[in-house]
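[1] Please find the sequence and the predicted model below.
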Amino acid sequence: MSAFSEYLSDYTAGKTVCILGFGREGRSTYAKLVQYCSPASVTICDLNPVDREKNGLPESVRIITGEGYQSCLDDFDIVFKSPGIVLDKSPSQLRCEVTSETQIFFTVYREQIIGITGTKGKSTVTSLIYHILSHSGLDAHIAGNIGIPVFEIADAMKPDSIVVCELSCHQLEYMTVSPSTAVFLNLYEEHLDHYGTMENYYNAKKNIYLHQKPNDTLIINSAIKPDNIAPRIVTVSNSDRSADIFIANGTVKGLPDGDYAIPTDRIKLLGVHNHYNIGIAYEVCRRYVTGTQFTEGLCSFSPLAHRLELIGVFRDIRWYDDSISTACATACEAVKSVPDCGTILIGGMDRGIDYAPLVDFLSGADVQVICMETSGKRVYDMLVSGGNSARFHYVPHLAEAVSLAAEITPSGKSCVLSPAAASYGIFKNFEERGDAFKALVKGLDANA
């Protein structure tokens with residue numbers, strides 16, 4: 001047996017186990033329980049219906065669904081919580097032991113894990129590091145919030161494997177194990193509808209480093225002040241020259257092996273803000289690959305969908321999909337990064353974040369601003385209250401925003417969807433919002 005299968009088997013032996021949430025991660029948890037374990041019983045609890053036949057669940061597996069699906073948690077010894085589930089009670093109020101795939105996997109493999117968190121840029125940095133390591137011939141695996149549950153890569157783990165793991169605040173919230181290499185990219189207002197305060201949000205995030213050991217490494221934005229902790233700390237910034245690593249003018253400075261000049265004319269990552277992401281990736285990857293290998297991997301890396309992604313030219317306008325944007329800072333960067341930006345589309349679900357920085361930026365930017373949905377209405381009202389309202393527009397939804405952008409964006413300029421807001425309540429997620437935007441844009445020529 002592998003270290004993972006042995007640990008999971010021992011951990012669940014003879015225990016009553018609940019899988020809380022039966023999405024992709026819940027299903028992967030169940031698969032590993034069937035493959036390796038002998039629990040006393042397995043129960044699946046989910047707000048939504050679970051199809052027993054479709055999921056191949058025997059009658060011995062109990063299924064509890066509906067509004068009260070969390071009311072029975074104390075009936076179990078162990079509860080595997082999926083990241084998308086918000087607990088009605090904190091673990092301290094429950095008699096059961098609340099754990100997760102991430103907690104179990106990290107307990108076994110923490111020494112081989114590069115964990116990455118932050119409000120923005122997690123997926124890009126995770127994917128970039130993974131691409132460079134695997135492109136260089138190393139046994140690298142990608143998992144976590146990127147969309148691949150860690151249990152799905154467990155059987156492929158070897159002693160020399162390297163796991164690059166994207167970690168959301170929901171995955172980190174109750175963690176008591178931290179990766180040996182932790183990356184904390186940034187911290188902006190986000191998820192305040194769940195956490196209420198920035199302090200609570202940060203408390204969830206900082207579990208990425210809080211349980212590290214003296215020989216571990218924390219690579220962290222210099223604007224974030226970590227607790228008094230054990231690991232070696234490397235601060236990184238693109239604005240603070242006192243940081244250990246400073247990224248400016250296309251150069252990563254302060255590296256032990258000398259400065260690294262980003263080949264800006266050869267990479268596909270758009271925007272100066274991505275130079276920061278590249279600097280972080282270099283600091284991580286230099287421990288595994290040469291500078292030449294890093295550059296080769298960087299130049300062959302293609303950006304992820306919905307992250308300043310060029311859709312194409314329609315109506316003589318270049319259209320960019322930045323649907324991943326849910327914060328003020330990312331929308332500001334979109335305007336600065338997109339070539340000849342003429343119009344930006346703002347708005348979505350209103351999570352109560354402070355839009356003053358975005359309003360200040362847009363008030364001075366030479367772009368048309370189209371606002372939509374509830375958060376967009378708030379931004380629009382703030383913009384027009386300052387006068388000079390000719391550049392500012394409000395429409396109810398995305399379809400109207402695309403139609404208006406096609407009319408008012410100057411020929412030869414660019415239009416970017418960078419909402420600075422969540423998609424929930426309007427779309428299932430930012431991917432669905434981005435796909436809807438692409439469909440609307442590509443339909444412009446057909447509807448001309």
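    Received it, and whenever you're ready, just let me know what you need.
[2] need the contact list for residue 186.
    When contacts are counted by CB atoms under 8 Å, 6 or more residues apart in numbering, residue 186 is found next to 118-121, 221, 223-224, 329. The way it works is simple: take the backbone N, C-alpha and C, and place the C-beta from them, glycine included.
[3] Can you tell me the closest non-neighbouring residue to it?
    Leaving aside its chain neighbours, residue 186 sits nearest to residue 118 (4.7 Å; criterion: CB to CB, 6 or more residues apart in numbering).
[4] Now a PyMOL select for only the buried ones of the contacts of residue 186.
    Of these, the buried ones can be selected in PyMOL as follows, counting by 16 or more other CB atoms under 10 Å:
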select buried, resi 118+119+120+121+221+224+329
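[5] Return the subset of the contacts of residue 186 lying in helices.
    By the criterion of DSSP state H, membership of those in helices covers residue 329.
[6] Send over stretch 306-317 as PDB, restricted to the C-alpha atoms.
    What follows is stretch 306-317 as a C-alpha-only set of coordinates in PDB (Å, rounded to 0.1, in the frame of the first residue of the first chain):
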ATOM      1  CA  HIS A 306     -11.300  34.100 -18.900                       C
ATOM      2  CA  ARG A 307      -8.100  35.900 -17.800                       C
ATOM      3  CA  LEU A 308      -7.500  38.800 -20.200                       C
ATOM      4  CA  GLU A 309      -8.200  36.300 -23.000                       C
ATOM      5  CA  LEU A 310      -8.400  37.800 -26.500                       C
ATOM      6  CA  ILE A 311     -11.700  36.500 -28.100                       C
ATOM      7  CA  GLY A 312     -11.100  38.100 -31.400                       C
ATOM      8  CA  VAL A 313     -11.900  41.200 -33.600                       C
ATOM      9  CA  PHE A 314     -15.600  41.800 -34.200                       C
ATOM     10  CA  ARG A 315     -17.000  45.100 -35.500                       C
ATOM     11  CA  ASP A 316     -13.400  46.300 -35.800                       C
ATOM     12  CA  ILE A 317     -13.100  46.100 -32.000                       C
END
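[7] The residue nearest to residue 186 against residue 187, yeah?
    Yes. With contact defined as CB atoms under 8 Å, residue 118 reaches residue 187; the gap is 7.0 Å.
[8] Which residues are in contact with each of the two?
    Joint contacts of residue 118 and residue 187 (CB under 8 Å, 6+ apart) are 205, 221.
[9] what about the stretch 301-448 of the chain, any weak spots by pLDDT?
    For the stretch 301-448 of the chain, the stretches with pLDDT under 70 are 446-448.
[10] what about the strands in it?
    Assigned by DSSP state E, counting those that start in this stretch, the stretch 301-448 of the chain shows strands spanning 309-314, 317-321, 341-346, 368-371, 392-394, 414-417.
[11] Serialize those to CSV and add fields for mean neighbour count and distance to residue 253.
    Converted to CSV, those look like this (neighbours: other CB atoms under 10 Å; distance: least, CB to CB, whole Å):
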stretch, mean neighbour count, distance to residue 253
strand 309-314, 16, 29
strand 317-321, 23, 30
strand 341-346, 27, 28
strand 368-371, 25, 35
strand 392-394, 21, 39
strand 414-417, 28, 30
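[12] so which of those strands comes closest to residue 228?
    Ranking those by proximity to residue 228 (CB to CB) places strand 341-346 first, at 39.7 Å.
[13] any idea how this structure splits into domains?
    For the chain, automatic domain parsing gives the domain ranges 3-99, 103-299, 309-443.
[14] tell me the helices in the protein, going along the chain?
    Using DSSP H, helices in the chain cover 3-12, 24-36, 101-109, 122-135, 169-172, 192-195, 198-205, 273-285, 291-299, 328-337, 356-364, 373-384, 398-408, 430-446.
[15] Mind putting those helices into TSV with distance to residue 161?
    Formatted as TSV, those follow (distance: least, CB to CB, whole Å):
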stretch	distance to residue 161
helix 3-12	11
helix 24-36	17
helix 101-109	8
helix 122-135	10
helix 169-172	20
helix 192-195	33
helix 198-205	26
helix 273-285	16
helix 291-299	18
helix 328-337	32
helix 356-364	41
helix 373-384	42
helix 398-408	42
helix 430-446	28
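[16] Which among the ones you listed is found nearest to residue 245?
    Residue 245 lies closest to helix 273-285 among the helices of the chain, at 5.8 Å (CB to CB).
[17] just checking, what packs against that closest one?
    Contact analysis of helix 273-285 by 3 or more CB pairs under 8 Å, 6 or more residues apart in numbering; DSSP states H and E lists helix 122-135, strand 181-184, strand 217-221, strand 232-237, strand 245-248, strand 251-253, helix 291-299, helix 328-337 as its packing neighbours.
[18] which ones are touching residue 104?
    Counted by CB under 8 Å, 6+ apart, residue 104 has contacts 4, 7-8, 11, 151.
[19] Show me which pair in these is furthest apart.
    Most distant of the contacts of residue 104, by CB to CB, are 11 and 151, 12.9 Å apart.
[20] More neighbours: the two, which one.
    Using other CB atoms under 10 Å as the criterion, residue 11 and residue 151 rank with residue 151 on top: 24 against 16.
[21] What residue, apart from its backbone neighbours, is nearest that one spatially?
    Distances taken as CB to CB, 6+ apart put residue 28 closest to residue 151, at 4.4 Å, once the chain neighbours are dropped.
[22] number of nearby residues for residue 359?
    A count of nearby residues for residue 359, using other CB under 10 Å, gives 22.
[23] No further questions, thank you.
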